[in-house]
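S.K.: Next comes the sequence, and after it the predicted model I'd like to discuss.
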Number of protein chains: 2
Amino acid sequence: MSRNICVVQDFLNDRHKEQIRKAAEAAGFSVRFFTSQEQEDAVAYLQECEVLYARWPEVLRAAPKTLQWYCCSLAGVDIYCSDPTLFANPDCMLTNSNVYGVTIAEHTVMVTLMLLRRMPEYEDAVRRRHWPEQLPIRSIRDGSFTILGTGDIGRNVADRLRGMGARSITGVSRSGRADNAFDRVFPIEQLDEVLPQAGFLILALPGTAETFHILDRRRLALLPQGAYVVNVGRGTAIQQDAIIDALNSGALAGAALDVMVPEPLPAEDPLWGAKNLILTPHVSGNMTLGYTCDRNVDLFCEDLANYAAGRPLKALVDRSRGY
Amino acid sequence: MSRNICVVQDFLNDRHKEQIRKAAEAAGFSVRFFTSQEQEDAVAYLQECEVLYARWPEVLRAAPKTLQWYCCSLAGVDIYCSDPTLFANPDCMLTNSNVYGVTIAEHTVMVTLMLLRRMPEYEDAVRRRHWPEQLPIRSIRDGSFTILGTGDIGRNVADRLRGMGARSITGVSRSGRADNAFDRVFPIEQLDEVLPQAGFLILALPGTAETFHILDRRRLALLPQGAYVVNVGRGTAIQQDAIIDALNSGALAGAALDVMVPEPLPAEDPLWGAKNLILTPHVSGNMTLGYTCDRNVDLFCEDLANYAAGRPLKALVDRSRGY
């Protein structure tokens, strides 16, 4: 069987395609490119391929038993880990693309400032053409922040908060391993002890069995009165009815959720109407930024060289662990 | 005459008062504190004072001919420079408080990200409980920014944009003097040559005769199609009917105005309804942040020592120049 790569992506420009073509050639592969609009042709070609670089589950589901490596251009691959029927070849390797740290961190800085500076309240006044008195606000400078998840996103967020003068940045991770981006990192087992000090909590966690409802009603109640919560990881990390209650009762001063359950959120969902909530429709990891796209292609090409040489893949996902 | 200081401020805590009391004592002065609610008592005491630390023009207007120094706790002192009748003593020194750079820079980063990430459009969709497709967005990382005004605010903005990976930061100032915070600084005489490259323009200028309508209809038309404008200085810097037209016609992609003419803005003003405008009610220099207040008191105490020793005042304003 010839060694073929099937690429199904909408974000590639000519420079990206040329870069992939050269990397494929160097690795002894042929490559063909399709957009999501050309799925039928893509699936036909895919039958002769051992490598797929795409992002849509239905494309993977159509892959043959001979597919050896699926490179997903997304960072969060929870759906691929929770549904083994997607892989005709159970031993097919899965890699993800941890390239969204910068754009998600910019989103996080934006909503952090919007919450601390009480933009939802000001925006509400301005919509009514009302000129309000100044409200007491807070600042990133001299502030304290707790970040759940110390990966690509968490570190990029920490770097930016630090650059703006944050006084204290606490990380919480599975391992609790020290990391320069944070003043201290606690293991997830100590989460209950961390939360009572977490006046500003940012969640940047993958969607796994371990992170499901990690911020449930009990843990939300451990946060200090008037705390803020930002979620840019996966909606499953938060017990949604509980955070709605915490916002509407005033126990939380505010929240910014870019991820939720389900997505898209149905028009009748009570989350839309929660108090002091900045709701965004899963846009923090936007794929229209040049450097995000460039880095995505870079990572694929790097791992393609690794794959061809029989070396371990850098972005390999442990499908049982979920990231 | 005894040497007395009258302080009329609402933001001082006990620690601030103790700090001022000690500085006054060291300088050979007595000091009394009033809030804006105690103006009658303040004005009575003010008649025996040579120094006033306050922020309300009506308090200054009640000061005697013997007042030697008015320390204003605001940064923008345009009203004090344009109305000489406020000073009974025409030789009274005026100082301002350039301590708002940090909080205004945080505001500027927030609205810059909101514009680049198209938050006004997303917020509009979310208000209608509509889950939109992802829009093409832009980023501070790798972006180019032009800042009119290279003072305390401009430099703090530049530092934060740099920290988030901006590729190019151009300053424009009266002198055009080079400054580490900027990749290059042009003198204001070259503004017409700078504007056609200014895809993201930030105004942080004092309100003076020179800056009045510096961004008028002709200059707005020099900006590239789809440019963004942020104003955190004084509303008088922009010809307001012209920017409304530029927003509504789509010539500008968006703007964020924290200052405007007049303030408060009347309910019937067309500015409220301009397209892709983030309007905030002059809140960027909010006085509720600890470090802003601390620094304000520090500067007053420093200059009090200078005043008592007969040294020049650090924050002295040239009333004919306006800053």
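M.R.: The structure has been received and is ready for your questions.
S.K.: Just give me the neighbour total for the residue of the stretch 201-323 of chain A at minimum distance from chain B.
M.R.: Taking Cβ to the nearest Cβ as the measure, the point where the stretch 201-323 of chain A comes nearest chain B is residue A:264, at 3.5 Å. Every residue, glycine included, has its C-beta placed from N, CA and C. Neighbour count for residue A:264, taken as other Cβ atoms under 10 Å in any protein chain shown: 12.
S.K.: State the distance from it to residue A:215.
M.R.: Going from residue A:264 to residue A:215 by Cβ to Cβ, to the nearest Å gives 22 Å.
S.K.: For the residue of the stretch 201-323 of chain A closest to chain B, give me its contacts.
M.R.: Residues in contact with residue A:264 (Cβ atoms under 8 Å, 6 or more residues apart in numbering or on different chains) are A:281, B:131.
S.K.: Now with 10 Å, please.
M.R.: A:281-282, B:130-132 (Cβ atoms under 10 Å, 6 or more residues apart in numbering or on different chains).
S.K.: same deal with residue A:190?
M.R.: A:172, A:176.
S.K.: How about the one 3 residues further on?
M.R.: When contacts are counted by Cβ under 10 Å, 6+ apart, residue A:193 is found next to A:186, A:222.
S.K.: Surely it forms part of a helix?
M.R.: Yes - membership of residue A:193 in a helix is supported by DSSP: H, G, I helix; E, B strand; the rest coil.
S.K.: What ranges does the stretch 1-150 of chain A have for its helices?
M.R.: For the stretch 1-150 of chain A, the helices defined by DSSP state H, counting those that start in this stretch cover A:14-26, A:39-46, A:57-61, A:78-82, A:101-116, A:119-127.
S.K.: Save the ones you listed as a markdown table, and put in distance to residue B:226 too.
M.R.: Formatted as a markdown table, those follow (distance: least, Cβ to Cβ, whole Å):
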| stretch | distance to residue B:226 |
| --- | --- |
| helix A:14-26 | 23 |
| helix A:39-46 | 33 |
| helix A:57-61 | 35 |
| helix A:78-82 | 36 |
| helix A:101-116 | 19 |
| helix A:119-127 | 24 |
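S.K.: and the helix or strand encompassing residue A:244, is it in reach of chain B?
M.R.: Assigned by DSSP states H and E, residue A:244 belongs to helix A:240-249. No - if you take Cβ under 10 Å from any Cβ of the partner chain as the test, helix A:240-249 misses chain B, and the best it gets is 14.7 Å.
S.K.: distance between that helix and the chain's centre?
M.R.: Computed by Cα atoms, centre = their mean, to the nearest Å, the chain-centroid distance of helix A:240-249 equals 23 Å.
S.K.: Which strands and helices lie in contact with the least confident helix or strand in chain A by mean pLDDT?
M.R.: Least confident helix or strand of chain A, by mean pLDDT, DSSP states H and E, is helix A:78-82 with a mean of 92. Applying 3 or more Cβ pairs under 10 Å, 6 or more residues apart in numbering or on different chains; DSSP states H and E, we find helix A:78-82 packed against helix A:57-61, strand A:69-72.
S.K.: just these: most buried one?
M.R.: Across the helices and strands packed on helix A:78-82, averaging neighbours per residue (mean count of other Cβ atoms under 10 Å in any protein chain shown) puts strand A:69-72 on top, at a mean of 22.
S.K.: Paired strands for that one, with orientation please.
M.R.: strand A:51-54 (parallel), strand A:93-95 (parallel) (DSSP bridges).
S.K.: can I get the ones you listed in JSON lines with mean pLDDT?
M.R.: Converted to JSON lines, those look like this (pLDDT from 0 to 100):
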{"stretch": "strand A:51-54", "mean pLDDT": "98"}
{"stretch": "strand A:93-95", "mean pLDDT": "96"}
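S.K.: In space, not sequence, find me the middle residue of chain A.
M.R.: residue A:233 (4.5 Å; Cα atoms, centre = their mean).
S.K.: which ones are touching it?
M.R.: Applying Cβ under 10 Å, 6+ apart, we find residue A:233 in contact with A:75-76, A:78, A:104, A:148-149, A:151, A:153-154, A:202-207, A:211, A:214, A:258-259, A:284.
S.K.: Give me the subset of those residues lying in strands.
M.R.: A:148, A:202-203 (DSSP state E).
S.K.: Can you name the residues of the stretch 201-323 of chain A sitting close to chain B?
M.R.: With the criterion set to Cβ under 10 Å from any Cβ, the stretch 201-323 of chain A comes near chain B through A:263-269, A:271-273, A:277-292.
S.K.: Next, the angle from the helix ranked longest in chain A to helix A:101-116.
M.R.: Taking DSSP state H as the criterion, chain A has its longest helix at helix A:290-308. Angle of helix A:290-308 versus helix A:101-116, following axes from the mean of the first three to the mean of the last three Cα atoms, to 10 degrees, is 140 degrees.
S.K.: picking that back up, of the helices of the stretch 1-150 of chain A, flag the one that's most buried.
M.R.: Among the helices of the stretch 1-150 of chain A, ranked by average contacts under mean count of other Cβ under 10 Å, first place goes to helix A:101-116 (a mean of 24).
S.K.: what angle sits between that helix and helix B:119-127?
M.R.: Using the same axes, to 10 degrees: helix A:101-116 against helix B:119-127 is 70 degrees.
S.K.: hmm, helix A:101-116 in reach of chain B?
M.R.: Yes - against chain B, helix A:101-116 shows contacts by Cβ under 10 Å from any Cβ at A:102-103, A:105-114, A:116.
S.K.: With just CA atoms, put that helix into CSV.
M.R.: The C-alpha coordinates for helix A:101-116 follow below in CSV (Å, rounded to 0.1, in the frame of the first residue of the first chain):
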residue,chain,number,x,y,z
GLY,A,101,-2.8,29.0,24.4
VAL,A,102,-2.1,32.5,23.1
THR,A,103,-5.6,33.2,21.7
ILE,A,104,-7.4,31.7,24.7
ALA,A,105,-5.1,33.6,27.0
GLU,A,106,-6.0,36.9,25.2
HIS,A,107,-9.7,36.0,25.6
THR,A,108,-9.1,35.2,29.3
VAL,A,109,-7.3,38.5,30.0
MET,A,110,-10.2,40.3,28.2
VAL,A,111,-13.0,38.7,30.3
THR,A,112,-10.9,38.9,33.5
LEU,A,113,-10.6,42.7,33.0
MET,A,114,-14.3,42.9,32.1
LEU,A,115,-15.3,41.2,35.3
LEU,A,116,-12.9,43.1,37.6
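S.K.: This completes my enquiry, with thanks.
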